[in-house]
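Engineer: this is the structure alone, sequence omitted:
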């Protein structure tokens, strides 16, 4: 009998583009698919920030398919005695909430390890209960101004 | 008769520390005052990001006093065909809402000029109407997890 795989969270790799990473991300947003050239350029740009900019994924290795992702970046402030804040962005999971929680905990742990005093994210009202189960609580109102 | 000064928005300079910038920032947050050494180090670190990390101020030149500040940083995504998002943070104004609007419009213009497709910020319910007057609208819920 096959055992349930224990999915691991790891950093995004360039080769993940061919494993459905882009298709997964497109569940979140509009726009054309990203070109290989643009993907490599942005990947390298983000990598140059070191651990202050992290994109993580979970791969289903049986299918060589990326099934969850999320990212966190570290904002460096003058406030709070030069405090740092982690910003979680672009969490998307193909299947179960269990994987979503794994991604969010990984990102929050990363922010804590990088010395952040808090980690924040913005979510829809439908996802609020999920983030509460991940240890978050509601604080403020996200406001937006679109240019395009 | 003295004319009303036309306050200009400009980038933060190192010398602003001695002009009440820290005291103004402390209206926003808790914590000890920042040391000169830490201030210089963080200022240089943020400056090394170029125009992707901008702190602006308004100085009342009659008193050599910083009376308003705010910052914006540019997040680079893989989403939205490598889109960019401006994040406005740490807006604080000593006196009038007119200066607050001047700061917010300066930061939003900067994000637009840097190629962002949107600019976002988080605010309390008390400040929501102010940001609506600045051209923002409510979108999502900010969630937080504190580590300290």
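Structural biologist: Okay, I see it. Quick caveat: nothing in here was measured; it's all calculated off a predicted structure.

Engineer: so residue A:125 is in contact with residue B:141, correct?
Structural biologist: Yes. In terms of CB atoms under 8 Å, residue A:125 counts as a neighbour of residue B:141; the distance is 6.3 Å. (Each C-beta comes from the backbone N, C-alpha and C, glycine too.)

Engineer: so these two - more neighbours on which side?
Structural biologist: Remark: of residue A:125 and residue B:141, residue B:141 carries more neighbours, 20 against 9, as counted by other CB atoms under 10 Å in any protein chain shown.

Engineer: show me what contacts that one?
Structural biologist: By CB atoms under 8 Å, 6 or more residues apart in numbering or on different chains, residue B:141 lies in contact with A:122-125, A:128, A:138, A:141-142.

Engineer: let's go with 10 Å and repeat that
Structural biologist: Residues counted as contacts of residue B:141 (CB atoms under 10 Å, 6 or more residues apart in numbering or on different chains) are A:121-125, A:127-128, A:131, A:136, A:138-142, B:122.

Engineer: for the helix or strand it falls within, the averaged confidence score.
Structural biologist: Using DSSP states H and E, residue B:141 sits in strand B:137-146. Strand B:137-146 shows a mean pLDDT of 98.

Engineer: ok, now stretch A:56-76?
Structural biologist: On average, stretch A:56-76 scores 95.

Engineer: how far off strand B:137-146 does the longest helix seen in chain A point, in degrees?
Structural biologist: Longest helix in chain A, counting residues (DSSP state H): helix A:97-113. Orientation check (axes from the mean of the first three to the mean of the last three CA atoms, to 10 degrees): helix A:97-113 against strand B:137-146 gives 70 degrees.

Engineer: helix A:97-113 vs chain B: in contact?
Structural biologist: Yes. Applying CB under 10 Å from any CB of the partner chain, one finds that helix A:97-113 is in contact with chain B at A:104, A:108-109, A:111-113.

Engineer: partners of the next helix or strand after that helix in the sheet?
Structural biologist: Once helix A:97-113 ends, the next helix or strand along the chain (criterion: DSSP H and E) is strand A:118-123. Applying DSSP bridges to the sheet, strand A:118-123 is found paired with strand A:84-93 (parallel), strand B:137-146 (antiparallel).

Engineer: go through the last one and flag the buried ones.
Structural biologist: Residues B:140-145 are the ones in strand B:137-146 that count as buried (16 or more other CB atoms under 10 Å in any protein chain shown).

Engineer: next, format the residues you listed as CSV and append distance to residue A:47.
Structural biologist: Listed next are the buried residues of strand B:137-146 as CSV, based on distance: CB to CB, whole Å:
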residue, distance to residue A:47
B:140, 28
B:141, 31
B:142, 28
B:143, 27
B:144, 28
B:145, 26
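
Engineer: quick one on the thing from earlier: what do residue A:125 and residue B:141 both touch?
Structural biologist: residue A:138.

Engineer: on that earlier part again, the residues of helix A:97-113 next to chain B, buried ones only, as a ChimeraX selection?
Structural biologist: To isolate the buried ones among the residues of helix A:97-113 next to chain B in ChimeraX, judged by 16+ other CB under 10 Å, type:
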select /A:104,108,111,112
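
Engineer: closest one of the residues of helix A:97-113 next to chain B to chain B?
Structural biologist: residue A:112 (4.9 Å; CB to the nearest CB).

Engineer: for that closest one, give me its contacts.
Structural biologist: Under the criterion of CB under 10 Å, 6+ apart, the neighbours of residue A:112 are A:86, A:118-119, B:145, B:147-148.

Engineer: quick one: it from residue A:122, how far?
Structural biologist: Distance, residue A:112 to residue A:122, by CB to CB, to the nearest Å: 19 Å.
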